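Q: sharing a sequence plus its predicted fold:
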Amino acid sequence: MMHTVASTLLAIAIALSTLTASATAETRTLGILKRQAPAWEVTQWFQLPDGKTSLDVNDFKGKVVYLYCFQSWCPGCHSHGFPTLQQLTKHFANDPNVAFVAIQTTFEGYGFNTFNKAKATMAKYDLTVPTGQSGDPDARSRLMRSYRTGGTPWTIIIDKHGVVQFNNYHIQAAQAIQLIEYLK
């Protein structure tokens, strides 16, 4: 009996260590921290600055960029991501050294996470930051692929030199404010 219990415990320990190692390896493959920010490759935009028809990361040289990736149907986007974005846009409202961009990075639910739904979602939160749509039924979001995001909500903070300084699921508003202030 002791042999059976010991064998079972050993099997559980091996399984847990394998799962932990797999989760750690997966986490390491996400994001592109400390790398030059790649092009966004987004073709559908709204709420752009006057005279603009599109945007890309190079349009923000010299500014810290808070890039928020979402899907309209994402519960975490609504419970955490959008409220954080609201707090940050209010905090940095008059700061010319900080820019905010939101992109709906659709990788599933294409019938719901549409360009028009992105517009409605931004209106729901009274957010007027430039907003794009990346991903459709024919092609998964290129931004997700190039930034190696793990889904939504996903936050990317790019420094004024175009280097990714934060690239992960969640960031608290206070932590984001502190990082942005440091990067300015």
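A: Noted; the coordinates are in hand.
Q: mind checking the pLDDT average for stretch 112-128?
A: Averaging pLDDT along stretch 112-128 yields 96.
Q: who's in contact with the helix or strand residue 175 falls within?
A: In the assignment (DSSP states H and E), residue 175 maps to helix 173-183. Helix 173-183 is contacted by residues 64, 66, 83-84, 87-88, 91-92, 98, 155, 157, 159-160, 165-166, 171 when judged by Cβ atoms under 8 Å, 6 or more residues apart in numbering. Where C-beta positions appear, they are placed from N, C-alpha and C, glycine not excepted.
Q: pull out the buried residues from those residues.
A: Burial by neighbour count, judged by 16 or more other Cβ atoms under 10 Å, picks out 64, 66, 84, 88, 91-92, 98, 155, 157, 159, 165-166, 171 from the contacts of helix 173-183.
Q: most centrally placed residue in the protein?
A: Centrality entry for the chain: nearest residue to the mean C-alpha point is residue 154, 2.3 Å, by Cα atoms, centre = their mean.
Q: show me the beta-bridge partners of that residue.
A: residue 69 (DSSP bridges).
Q: surely it and residue 107 touch.
A: No. Residue 154 is beyond contact range of residue 107, at 10.7 Å (criterion: Cβ atoms under 8 Å).
Q: who's in contact with residue 153?
A: By Cβ under 8 Å, 6+ apart, the residues touching residue 153 are 68-70, 74, 76-77, 80-81, 169-170.
Q: likewise residue 144?
A: Residues counted as contacts of residue 144 (Cβ under 8 Å, 6+ apart) are 69, 105, 107, 134-135, 154.
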